[in-house]
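1. Quick one, what's the 3D model for this:
(3 chains)
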Amino acid sequence: MDPFLYLDRDTWVHRLDPRTKMLLLLGSFVLAFLYVNPLYGLGVLAVVLLFGASARVLINLRRIWFVLLMIGVMTTILWSIFGGGTTPLFWFVEREAFLYAVGAALRIDVMIIAGMIFLSTTRNEEIATGLVKLGIPYRFAFAVSTALRLVPTIAATGSTIGQAQRSRGLDLESGNIIQRVRKNTPLLIPVFVSTIRSTNVFSMALESKGFGASTKRTYFLRLAMKRQDALVLLVFVLLLAAAVALRMAGYGGLEGFSR
Amino acid sequence: MDNETHAAGREQPAVRVRDLTYRYRGQDKPALEGVSLDVTRGEFVVVMGPSGAGKSTLCVSLNGLVPHFFRGRIDGEVRINGRSTREGKVGEFAREVGLVFQDFEAQLFSTNVALEVAFGPENFSVEREEMVRRVEGVLGRVRLEGFEDRQPATLSGGQKQRLAIASVLAIEPRILCLDEPTTDLDPIGKLGVFEIAGELKDRDDVTLIVVEHETEETLDADRIVVLKDGMVIADRPAREVLRDVELLEEARIMPLQITRFFHEMGLWQGQLPLTPEEGLKELRQRGWRISPGRHRELVEKDAEREATYGGPIIEAEGLTHRYPNGVVALEDVSLTVRRDEFLAVLGQNGSGKTTLVKHFNGLLEPTGGSVRVDGEDTVSQGVRGLGQKVGYVFQNPDHQIFSDTVFDEVAFGPRVRELNEEDVKERVSEALAAVGLEGYEQEDPFVLTKGERQRVAVASVLAVRPEVLILDEPTTGLDYAEQRSMMDLVRRLNESGSTIIVVTHTMWVVAEYAHRAVVVKDGRVTLSGTVRDVFAREEELRDASLRPPHIVSMGNALGYTVLSVEEMIRVTGDK
Amino acid sequence: MVVLVALSAAIYAAVLIPFKGFTIIPGFTEVRPANVFPFVFGLLFGPAGAWGAAIGNLIGDFFGTLGPGSIAGFIGNFFLGFLPYKMWGSFFRRGENMEQNVNSGKKLAVYIAITILASAVCAVWIAWFNDLIGFVPFAALGAIITVNNAIAGVVLGPILLLVLYPRVKRWGLLWTEIMRPEEVSASRLQRLGNLLMWVGGLGGLIVGLIIGVGLYEQGLAAAGFTAGGQGGLGIGLGLIPFLILIVVASFMLGGREQVEAAEEEAETSQAS
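-> Numbering: from 1, shown residues only, chains lettered A, B, ... in the order given. Coordinates of the predicted model:
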């Protein structure tokens, strides 16, 4: 069973407090939206990738390459067609529009990659404990981390059940849309049944270990904002400030582009 | 602990059940009826009984899940260390009673072992330093020391179950209840769990209540409580119960083979030996010997049977399978399955036995070597084509069942192959008759018992009339009577012309039903031959983490390989 | 309950993720058959279904649609599950069978109505937010999300409910049987709440579309990527009253009547 995206490595990124990483993630969104010019967008992408590389989690990129590609291509096409510019490139596509399109694609992909890096460097328990430290009730945080944990389990069960049903002759490839949806019933029902049965046992096990017995609880995972976290956040804030200043000074925009 | 408290602890039973009657919500029939039971501190009690007897219900009654989680109707009471389970919440009782469920996969959820074990103490606001201490201590007790940073997903089944036990022990309950902890484990896994159970009992004065099917593991218990239809039908010292062969059979529990043998040979109950060692002593004392002539007859019968097999139907040559993540599951396996034979594929979990068998119906394709079914390569036939010739019954029937009625479920295979409705009906009746479920057509498969659901799964594969039938662990989770019934069905199918391949680690099933066996270890076939030949090689079996059944061991010690109690009776001299 | 939230979230996310590559508006929405789950889980699991929808959507976002808009996605999907949970009871009178199944014409009609309304409410939240911060025009996102949600809900929902309801009931997991009446808020002026939700949801959608379209030179179909900006302030402020209505209506719809009805059902069936 694949423990989702989390890759257990011992890097400085992994050792950061989850709250720091959440802030960095949100900060990366700001960075992403700062620049319109794809050249500057590439710069942002490089920063994010560098971060991911130092955490040694970029190998997870291969799991989402399809989405990144599809989004990249679709965004580029859409904005190229519907954007307007002054210098024609080819057909009715203008250069500014094309550049804007690439910039937009980069922007979206950067955010997704940042999100993936976050999930790859933070344990489910850290996410839960981090949320609790941010004020979210434990039960809710636990639901989130359990959901994260269950997704790959469901996928694995689906795969086993798929094998079982294919052995009986289930053919998922042929037929039109309606038929194919109906054919998924022999897949979905056992997945539901197995998953619900399993979560029922899980519920019982939780209660049997005292979950919910009292509103207070202690945490094995020690979360503390250490010097490292403060340093990283400081560096990032400076980076962001510099980026904003650059933008305000007029760089990173796109001349001649109109929607 | 001062003398006063110690004495008080001794007087009050750890668990006191009085006239417990419980009905699950929406059910008329009580799951438990008038059950009364006392367990004193430090005792090791085993609870046994057929499927549906109420054993699991009894377990969940001990920590308050009944009646607080399940919300049915409860009469009578359960007192844990004097406190009634009707008052208070489940979480509070978790301090006193640790409950470990059979399905260890569903219980584990953390990203590393330490966090999993610490979860319990966290719920009780234990100080962090104390938690760290407990985690280390408890992992030592379940033989997982040093595993703190491992991911639970990478552990073996036996290790996972021990982890589940550890996660409960960390709360330091004085009573530990294990509900069928070894059912899904292979022989090595089972051994591991029982060894720690034994150690716990000896070292820690923990009260241990274990629900078990396997009689071989209950020898260390103080007492055995037998449940049937929600009622206690026996509550006596362990050895006494184990010698009462008739009681065990009535309760659909498999009696110890040695005990049953001597019982059939006429010994008085009090004298019955329980283990192969005791059995050998008894044999020597009575001067009984095994007749070489009669043993030879058995061997000859095997050979006669082998001569009736047809030509090869499945051939694997140099079969190698490497998973995308690099793990080599199978390496250079060559084997031939002939028509009409009954083959058992043995090995511990993770040995590659299931991977091997999934090549036979095309679910997996070899990364090296080849597999041919009926002369043709499996890769060119594909899963759909092969599904017609090779039927595969998965271990968990709930991974297949999806219809509202048994009829529709069994009809799925034929319908997908576009047979007309009349033929479909015929096939369904035929299949249901073969598995003994005539008349069940309109039943909802989800309300049937596990044994019945398993048979529905078999029927739905049979309806396609495959020549070869592969069954993956067909007896797990069934009680003894259901196991016999299932295997008798499989034998009947074999006798009426199907080739059978069973993947299992239940050794007595292999001994009594299979003709040939293949042992898989670390992706390679290490032993192959008739079951009699394979089971004679005890050391190599042990090497593959397998143990032959007790009766076979006893025979081997005398130099003759015997496969069942009946055979032993037949070959033992003086009669 | 906690586990049911996680279960709903996980199933939703597990079916959302494989489809993230089939984008409609890259970075914002894609083909989503998984959208049937919030409706069904909201009906069956009540609050657990609503929170599960919100969390599940957020998890799914990490695989293709992550961004500031995810906040709105969280809120919008919450309502997708919340509405069926809360509104179901308001369509029935006391004493009528209000089990969350679709085994009658009336129930099917109610289900479809709620599905469409919930889709609109979800769309209003998400499209409003994204228009406000200048990412995607309201007209585009609003129309697409409503349709995307409603199709999955109307086409796939009834089948799923018919299959799941009896099983979930048998397993004792229906919210109406797990929760006690005291744990669920009572409805205040329920019929009014029902009406206000319609006004807030459909009204918000229609008004938003009108404002949004009015500022463009070309039509809706160009998915808003045409000349002319997003609705800007018009949408941002103009839709606030509708959002307020939605929130107010949420408080007015209770749900306690459904639990009480379930208790009565259980008593009558046990007596017989």
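2. How many residues are close by the residue of chain B found nearest chain C?
-> Scanning chain B for the residue nearest chain C gives B:R25, at 6.0 Å (criterion: Cβ to the nearest Cβ). C-beta coordinates here come from the backbone N, C-alpha and C atoms, glycine included. Neighbour count of B:R25, defined by other Cβ atoms under 10 Å in any protein chain shown: 14.
3. Likewise for the one 10 residues further on?
-> The local packing of B:V35 (other Cβ under 10 Å) involves 25 other residues.
4. go on, B:E441?
-> B:E441 has 17 nearby residues by other Cβ under 10 Å.
5. How about it, nearest residue that isn't a chain neighbour?
-> Sequence neighbours aside, B:F407 is the residue nearest to B:E441 in space, at 4.1 Å (criterion: Cβ to Cβ, 6 or more residues apart in numbering or on different chains).
6. who touches the one you found in this structure?
-> Taking Cβ atoms under 8 Å, 6 or more residues apart in numbering or on different chains as the contact definition, B:F407 lies against B:V428, B:E441, B:Q442.
7. Let's verify A:V110: helix, strand, or coil?
-> A:V110 carries the three-state label helix when classified by DSSP: H, G, I helix; E, B strand; the rest coil.
8. ok, now B:E482?
-> In terms of secondary structure, B:E482 is helix; the call rests on three-state DSSP.
9. Can you report phi and psi for whatever residue of chain A ends up closest to chain B?
-> Scanning chain A for proximity to chain B using Cβ to the nearest Cβ identifies A:A213 as nearest, at 2.4 Å. Reported as degrees, to the nearest 10, the phi and psi values for A:A213 are phi -70, psi -40.
10. quick one: it and B:R95, what's the gap?
-> Here the criterion is Cβ to Cβ, to the nearest Å. By it, A:A213 lies 8 Å from B:R95.
11. How about residue 166, nearest residue that isn't a chain neighbour?
-> All of this refers to chain A. Sequence neighbours aside, B:V383 is the residue nearest to A:R166 in space, at 5.1 Å (criterion: Cβ to Cβ, 6+ apart).
12. ah, no, chain C please
-> Here the residue nearest C:P166, using Cβ to Cβ, 6+ apart, is C:N101, at 7.9 Å.
13. just to revisit the earlier point, can you report how many residues neighbour the residue nearest to A:R166?
-> Once other Cβ under 10 Å is used to define contacts, B:V383 is seen to have 21 neighbours.
14. ditto for the one 5 residues further on
-> Neighbourhood size, B:Q388 [other Cβ under 10 Å]: 16.
15. in a helix, that's where it is, yeah?
-> Yes - counting by three-state DSSP, B:Q388 is located in a helix.
16. so who does it touch?
-> Here B:Q388 is in contact with B:R417, B:V464, B:P466 (Cβ under 8 Å, 6+ apart).
17. Repeat the analysis, applying 7 Å as the threshold.
-> Residues counted as contacts of B:Q388 (Cβ atoms under 7 Å, 6 or more residues apart in numbering or on different chains) are B:V464, B:P466.
18. How about the one 5 residues further on?
-> Remark: with contacts taken as Cβ under 7 Å, 6+ apart, B:V393 is in contact with B:A457, B:V458, B:V461, B:I470, B:L471, B:D472, B:P474.
19. Who does it form a beta bridge with?
-> In this structure, B:V393 bridges to B:L471 when assessed by DSSP bridges.
20. just to revisit the earlier point, so the residue nearest to B:E441 is in which element?
-> Under the assignment given by DSSP states H and E, the secondary-structure element containing B:F407 is helix B:406-416.
21. Run through the helices of the stretch 51-200 of chain A in chain order.
-> All helices of the stretch 51-200 of chain A, identified by DSSP state H, counting those that start in this stretch, fall at A:61-82, A:95-121, A:124-133, A:138-167, A:177-183, A:185-208.
22. how about these, which one is nearest C:E96?
-> Counting by Cβ to Cβ, C:E96 lies closest to helix A:185-208 out of these; the figure is 28.5 Å.
23. Without its sequence neighbours, what residue ends up closest to the residue of chain A closest to chain B?
-> Going by Cβ to Cβ, 6+ apart, A:A213 has B:G91 as its nearest residue, at 2.4 Å.
24. hey, which helix or strand in chain C has the poorest pLDDT?
-> For chain C, scoring each helix and strand by mean pLDDT, DSSP states H and E identifies helix C:233-238 as the least confident one, at a mean of 71.
25. Does the following helix or strand past it pack against any helices or strands, and if so which?
-> The helix or strand immediately downstream of helix C:233-238 is helix C:240-252, counting by DSSP H and E. Under the contact criterion of 3 or more Cβ pairs under 7 Å, 6 or more residues apart in numbering or on different chains; DSSP states H and E, helix C:240-252 touches helix C:105-132, helix C:190-198, helix C:204-214.
26. between these, which has the poorest average model confidence?
-> Averaged per stretch, pLDDT over the helices and strands packed on helix C:240-252 is lowest on helix C:204-214, reaching a mean of 78.
27. any bit of it sitting next to chain A?
-> No - between helix C:204-214 and chain A, judged by Cβ under 7 Å from any Cβ of the partner chain, nothing touches; the nearest distance is 14.0 Å.
28. chain center to that helix, what's the gap?
-> 20 Å (Cα atoms, centre = their mean, to the nearest Å).
29. what's the neighbour count on B:R236?
-> B:R236 has 15 neighbours, counted by other Cβ under 10 Å.
30. should've said A:A241
-> For A:A241, the count of nearby residues is 10 (other Cβ under 10 Å).
31. Determine the three-state secondary structure at it.
-> Secondary structure assignment for A:A241 (three-state DSSP): helix.
32. Would you mind grabbing the residues shared as contacts by A:A213 and B:R95?
-> Taking Cβ under 7 Å, 6+ apart as the contact definition, A:A213 and B:R95 share the neighbouring residues B:F124.
33. hang on, the earlier thing: for the residue nearest to A:A213, helix, strand, or coil?
-> For B:G91, the secondary-structure state derived from three-state DSSP is helix.
34. correct me, but it touches A:K209?
-> No - with the criterion set as Cβ atoms under 7 Å, B:G91 and A:K209 do not qualify as a contacting pair; they are 8.3 Å apart.
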